[in-house]
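In: A structural model of the following input is requested.
(chains A and B)
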Amino acid sequence: MLKKYKPFLRAGAIDTMAYRFNILIWAGITVCEVACLVFLWLAVYRSGAGGMDAQIHGFSYREMISYVVLTTIFNFVTFNNDTLWNINTDIKKGTIGNYLIKPISYRGKFSATCLGSLLTMTVMFGLPFYTAALVTLGSLGFLPELSFPAFFAHLGLFLLAGLCAALLNDAISYIFGVLCFYTSSGWGLNSLKVTLISFLSGTLLPLAFFPAGLRELVSWMPFAGMSQNPILILMMKYDLAASLRCVALSAVWIVVLELLAKLLFSHAVRKVTVQGG
Amino acid sequence: MIEVNELTKVFRKPIRGNGLSGMVKTLFSRQYEELRAVDGISFSVPDGEIVGYIGANGAGKSTTIKMMCGILTPSSGSVLIDGAEPYRKRRQVAQRIGVVFGQKTQLWWDIPLIESFKVLKEIYQVSDGDYAERMAFLGEVLDITRFLSQPVRTLSLGERMRADLAASMLHNPRILFLDEPTIGMDVLVKEKIRLAIHALNKTYGTTVVLTTHDMTDIEDLCSRIILLEKGTILYDGPLNRLKNRFGNLKTLTLTVPADVRAETASALSPELAVSREDGRLILRFDADRLPLEQVIQYAFRDLRAMDMKIAEISVGDVVKTILAQQEAADSRADAARNNGGKNDAEKV
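Out: I've put the predicted structure just below:
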């Protein structure tokens, strides 16, 4: 049954590289962003009461810089996702009909494309970027002393958490995309999605900086699993048990969101009106 | 087997105000207008039949097709494709049907045509053997082999349409829905498409539902016609019966000497309608009531005809007449309603 989706997996993998120039520019911008964030955090620590040795919400400046660098790479590699826009286009141009008359699930098509694109991004960019970042940060002494079996266990869990993050992001994009059936426009929904995720996933700030109540609430939501948790697993800030819990929580959320997406789609598809003819 | 039962589709359209103030108003309150695109139609199509689904623009043809292939969900009533409702059992039905929308391609724009076919092969799980056989058949009847390696965007409209048809037939669907497959095609391409539909129907026993505005398509392909107007069925039956709906109408165009006048020419029978156009005499009559040979004899002997052309009424003429009658009846009904001082425009 899954064989049907192979062409979409392949298309996701190939199309990601079709806009090579686009990706390179994006990579360049990302590097500048990281540089800004690094200097921002250095300034914060320098001007703080405890100076450079202070811990702010459990983060030393070394950890904070590692966190910022790794999160940025992570977002770049994992969230290469056009699901929302593709659904929006399908609705606006009426091309959704082309998929509704084929014996495949509309959702499955996007999952396969997402996995294909994740594969390409991980091999083409993830591998060199993570290696460079880990080697540099490690040699500067920013990362904890590596003990090899433990590191590989964390690396394995990190990859698993990364896969979960990509699937969570795709599920959320899909749900927001399906909401375009009701609004007929994707702009507002996309901004909402991007803002929600970048705030609640710990991309802007680790969740440790949030007030206690909010932090507790957000830690049960799917967003932390999309950025903060995978990185803290990689940095070995979480022990193995905590890491496993994070991955398990993400897996549960994937199931919940997919069910929600299914319900929403079966309602929304009745609202399809293909214009003209 | 297609069964359509009391099928209705109502679209709700927001009524938008004009200008800036109208726009601001629509932002806060919305009035809706209901459009009954398809209004309680029923029919069934047995396996292996080719049905022409015709009607004016906006009659509801495409809306019906979209409900039959599972894109749109009916407002009420039902469609059954081999016993399954396409909008509920979407994937199951999709495997059994093929669809072509003449106005939109379903092929992947940027990749070579053959790659599109390979993707479809995987999506529909066509076995290697079936794929080879089908490609050979389609390559022959639709003549697509020549441009298989070209990206779809570089194909001409005629080539693209043939490619789209081939794509819809690749998985050997039991039922084929063709929504204006000959739109914008030249006569040769139209011919090729008709032959292909015939060949498919003969070889695989495929049921075909075809919408078109080209009456030649209908006369060449369809044994049965469903005529739709404003969402309701005006006629459903064999092509011949539709043709003879107004009798066995014939038109004789005669070249006659200048002194033969239209008034004297109609002396033969009150059944004969005569007019003079561009120096020619046009005789119209129902051949079932006034035998053709009698009129021909009369034309040569009494009217001293030098040349003659006989034409029978075309399906197009009949459809035109039915639609015109319907429109006249509608406007009479509207006028009667307006005189009663009522305005029935449905507003919610």
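In: residue ranges with poor pLDDT in the stretch 1-150 of chain A?
Out: Within the stretch 1-150 of chain A, no range satisfies pLDDT under 70.
In: could you do the stretch 1-150 of chain B as well?
Out: Of all residues in the stretch 1-150 of chain B, none has pLDDT under 70.
In: how about the strands in it?
Out: Ranges of strands in the stretch 1-150 of chain B, per DSSP state E, counting those that start in this stretch, are B:2-15, B:31-45, B:50-55, B:76-81, B:97-101.
In: which parts of the fourth one are buried?
Out: It stands for strand B:76-81. Across strand B:76-81, burial judged by 16 or more other Cβ atoms under 10 Å in any protein chain shown covers B:Gly77, B:Ser78, B:Val79, B:Leu80, B:Ile81. C-betas here are computed from N, CA, C, even on glycine.
In: so B:Pro97 makes contact with B:Cys69?
Out: Careful, residue B:97 is Ile; it's not Pro. Yes: using Cβ atoms under 8 Å, B:Ile97 is in contact with B:Cys69, at 5.7 Å.
In: which one of the buried residues of strand B:76-81 is nearest to chain A?
Out: Comparing the buried residues of strand B:76-81 against chain A with Cβ to the nearest Cβ places B:Ile81 closest, at 11.6 Å.
In: could you verify my assumption that the closest one touches B:Val93?
Out: Yes: contact criterion Cβ under 8 Å: B:Ile81 and B:Val93 qualify, at 4.9 Å.
In: quick revisit: to A:Ile197, which of the strands of the stretch 1-150 of chain B lies closest?
Out: strand B:2-15 (31.9 Å; Cβ to Cβ).
In: so what are the sheet partners of the closest one and their directions?
Out: strand B:31-45 (antiparallel), strand B:76-81 (antiparallel) (DSSP bridges).
In: how much space separates B:Leu283 from B:Thr251?
Out: For B:Leu283, the distance to B:Thr251 equals 7 Å [Cβ to Cβ, to the nearest Å].
In: tell me which of those two has more neighbours.
Out: B:Leu283 (26 against 15; other Cβ atoms under 10 Å in any protein chain shown).
In: for the more buried one, which non-adjacent residue is spatially closest?
Out: B:Leu252 (4.2 Å; Cβ to Cβ, 6 or more residues apart in numbering or on different chains).
In: keeping just the C-alphas, turn the host helix or strand of the one you found into CSV.
Out: B:Leu252 is part of strand B:249-255, with elements assigned from DSSP states H and E. The C-alpha coordinates for strand B:249-255 follow below in CSV (Å, rounded to 0.1, in the frame of the first residue of the first chain):
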residue,chain,number,x,y,z
LEU,B,249,-37.6,17.3,-40.5
LYS,B,250,-36.0,17.9,-43.9
THR,B,251,-34.8,21.0,-45.6
LEU,B,252,-34.7,21.3,-49.4
THR,B,253,-32.7,24.1,-50.9
LEU,B,254,-33.6,24.7,-54.5
THR,B,255,-32.2,26.9,-57.3
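In: contacting residues around the next helix or strand after that strand?
Out: Where DSSP H and E defines the elements, the next helix or strand beyond strand B:249-255 is helix B:262-265. Contacts of helix B:262-265 with the rest of the structure, by Cβ atoms under 8 Å, 6 or more residues apart in numbering or on different chains, involve B:Leu272, B:Val274, B:Ser275, B:Arg276, B:Leu281, B:Leu283, B:Leu303.
In: as JSON lines, these with pLDDT would be great.
Out: Output for those, formatted as JSON lines (pLDDT from 0 to 100):
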{"residue": "B:Leu272", "pLDDT": "84"}
{"residue": "B:Val274", "pLDDT": "85"}
{"residue": "B:Ser275", "pLDDT": "83"}
{"residue": "B:Arg276", "pLDDT": "83"}
{"residue": "B:Leu281", "pLDDT": "86"}
{"residue": "B:Leu283", "pLDDT": "87"}
{"residue": "B:Leu303", "pLDDT": "84"}
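In: now list the buried members of the residues you listed.
Out: Among the contacts of helix B:262-265, those buried by neighbour count (16+ other Cβ under 10 Å) are B:Leu272, B:Val274, B:Leu281, B:Leu283, B:Leu303.
In: nearest to B:Asn240, of the residues you listed?
Out: Distances from B:Asn240 to these, taken by Cβ to Cβ, are shortest for B:Leu283, at 23.4 Å.
In: give me phi/psi at the closest one?
Out: When quoted as degrees, to the nearest 10, the phi and psi of B:Leu283 stand at phi -110, psi 130.
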